[in-house]
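> Structural data only, the sequence is not supplied:
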């Protein structure tokens with residue numbers, strides 16, 4: 001009769017134990033942390049790689065987590081996919097299957113919120129304050145926020161990627177999450193929807209009435225396929241000159257970037273634009289988003305000054321509209337945010 005002997009992990013000398021823990025991949029370290037309080041302490045005691053944890057929700061009740069080990073070189077990044085699959089089969093409960101080098105399936109009792117357990121353990125283990133992103137491949141439901149009352153509202157980015165997005169999806173999201181940092185829609189959304197509220201908004205297309213962009217609550221708005229005409233943008237700029245910062249809005253608008261703009265007239269016709277005046281504002285606008293920051297050279301832009309003293313710059317481009325609003329006239333920009341590419345080609349920054 002063969003004897004199964006366990007590896008004496010806790011008996012190793014401290015330096016050797018440290019090397020063993022450092023050799024663990026994400027899943028091995030997670031598994032070690034779940035064994036006992038002592039193993040959790042050991043797994044958390046050594047230097048951690050920088051991770052980003054994302055969660056994807058599906059219609060079938062299956063949830064997945066993407067755990068990315070971040071590297072300065074994107075080609076060296078490693079992503080682990082953890083699928084949480086509820087099952088009624090007692091034989092399959094607690095079964096873990098490795099389906100590829102970096103993918104696992106965890107089968108669990110439907111009454112156990114294993115996704116929340118694993119997410120919270122990863123965040124705790126790696127000292128992370130929130131999920132990097134949450135992706136809905138399904139209807140947005142109140143039950144999602146009931147299952148993840150902390151994880152969902154604290155996520156850095158939220159994305160709805162299902163093909164048909166309804167007003168109910170958006171209402172439930174903004175009702176439960178009034179401080180979305182970044183919100184992305186990959187597909188068309190209900191026309192006429194007005195209750196937008198997010199620091200950064202990435203939309204596939206523009207709104208039917210371009211003036212509605214002023215009613216939305218955001219700091220930064222990006223429409224990758226706006227299909228606005230330059231005559232419409234001219235109308236938008238005239239409305240902006242007559243507007244003020246809305247008192248009931250959470251955010252002050254900073255950036256508007258519209259792509260796929262069709263040229264049918266002079267965008268700046270009949271507008272009181274002026275060239276850059278170094279006494280009125282700085283040369284560089286501080287472009288900020290969740291991916292990277294950059295200093296954008298606005299010396300060749302055209303400035304508009306509103307009656308309430310708010311200054312904005314329109315950047316010239318053939319098929320895009322970039323509108324930078326100077327809430328800080330002379331921003332203090334860190335040296336690391338100066339990139340020659342972004343300074344020379346400001347409209348190539350499609351973020």
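All right, it came through fine. Computed from a predicted model, the values in this text were never measured in an experiment.

> buried stuff in stretch 296-305?
296-298, 301-305 (16 or more other C-beta atoms under 10 Å). Any C-beta I mention is one placed from the backbone N, CA and C, and that applies to glycine too.

> can you list the residues that contact that stretch?
Contacts with stretch 296-305, where a contact means C-beta atoms under 8 Å, 6 or more residues apart in numbering, come from 237, 240-241, 268, 271-277, 280-281, 283-287, 311-316, 324, 342-344, 346, 349.

> Can you tell me which of the residues you listed end up in strands?
Under the assignment DSSP state E, the contacts of stretch 296-305 contribute 274-275, 284-287, 311-315, 324 to strands.

> ok, the spatially closest residue to residue 310 that is not a sequence neighbour to residue 304 distance?
Spatial nearest neighbour of residue 310, excluding adjacent residues (C-beta to C-beta, 6 or more residues apart in numbering): residue 325 at 6.6 Å. Remark: distance between residue 325 and residue 304 (C-beta to C-beta, to the nearest Å) = 10 Å.

> Now the common contact residues for these two.
Common neighbours of residue 325 and residue 304 (C-beta under 8 Å, 6+ apart) are 311-312.

> just to revisit the earlier point, give me the buried subset of the contacts of stretch 296-305.
Using 16+ other C-beta under 10 Å, the buried ones in the contacts of stretch 296-305 are 237, 240, 268, 271, 273, 276, 281, 284-287, 311-315, 324, 342-343, 346, 349.

> low pLDDT regions in the protein?
Within the chain, the segments meeting pLDDT under 70 span 1-6, 47-49, 71-74, 246-247, 290-291, 340-351.

> can you put the ones in strands among the contacts of stretch 296-305 in CSV and add distance to residue 217?
Formatted as CSV, the ones in strands among the contacts of stretch 296-305 follow (distance: C-beta to C-beta, whole Å):
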residue, distance to residue 217
274, 29
275, 32
284, 27
285, 21
286, 21
287, 20
311, 21
312, 18
313, 22
314, 22
315, 23
324, 19
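
> and of those residues, the nearest to residue 110?
The closest of the ones in strands among the contacts of stretch 296-305 to residue 110 turns out to be residue 287 (C-beta to C-beta; 45.5 Å).

> Do you have the helices of the stretch 201-350 of the chain handy? List them.
230-242, 340-344 (DSSP state H, counting those that start in this stretch).

> Serialize those helices to a markdown table and add fields for distance to residue 40.
Converted to a markdown table, the helices of the stretch 201-350 of the chain look like this (distance: least, C-beta to C-beta, whole Å):
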| stretch | distance to residue 40 |
| --- | --- |
| helix 230-242 | 54 |
| helix 340-344 | 43 |
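
> so which of the ones you listed gets nearest residue 148?
Evaluated over the helices of the stretch 201-350 of the chain, closeness to residue 148 peaks at helix 340-344, with 36.0 Å, by C-beta to C-beta.

> Next one: the nearest residue to residue 137 once chain neighbours are set aside relative to residue 195, how far apart?
Setting aside the residues directly before and after it, residue 137 is nearest to residue 58 in space (C-beta to C-beta, 6+ apart), at 5.1 Å. From residue 58 over to residue 195 the distance is 26 Å, taken as C-beta to C-beta.

> For the helix or strand containing residue 106, name the packing helices and strands.
Residue 106 is located in strand 103-108, with elements delineated by DSSP states H and E. Using 3 or more C-beta pairs under 8 Å, 6 or more residues apart in numbering; DSSP states H and E, the elements in contact with strand 103-108 are strand 78-86, strand 96-100, helix 114-125.

> Nearest to residue 34, out of these?
Using C-beta to C-beta, those put helix 114-125 closest to residue 34, at 6.9 Å.

> Quick check: buried residues in the closest one?
114-116, 118-119, 122-123, 125.

> coming back round to it: tell me which of the helices and strands packed on strand 103-108 sits nearest to residue 154.
Across those, residue 154 has its closest neighbour in helix 114-125 (9.5 Å, C-beta to C-beta).

> following the closest one, which helix or strand shows up next?
Following helix 114-125 in sequence, per DSSP H and E, is strand 133-136.

> partners of that following strand in the sheet?
Applying DSSP bridges, strand 133-136 is found paired with strand 51-57 (parallel), strand 157-160 (parallel).

> Quick one: residues in contact with the helix or strand following the first one.
Next along the chain after strand 51-57, taking DSSP H and E as the criterion, comes strand 63-69. With contacts defined as C-beta under 8 Å, 6+ apart, strand 63-69 is touched by 26, 49-58, 77-84, 115, 118-119, 122, 132.

> go on, stretch 261-274?
Outside stretch 261-274, the residues that touch it by C-beta under 8 Å, 6+ apart are 226-231, 233-234, 237-238, 241, 302-305, 314, 317-321.
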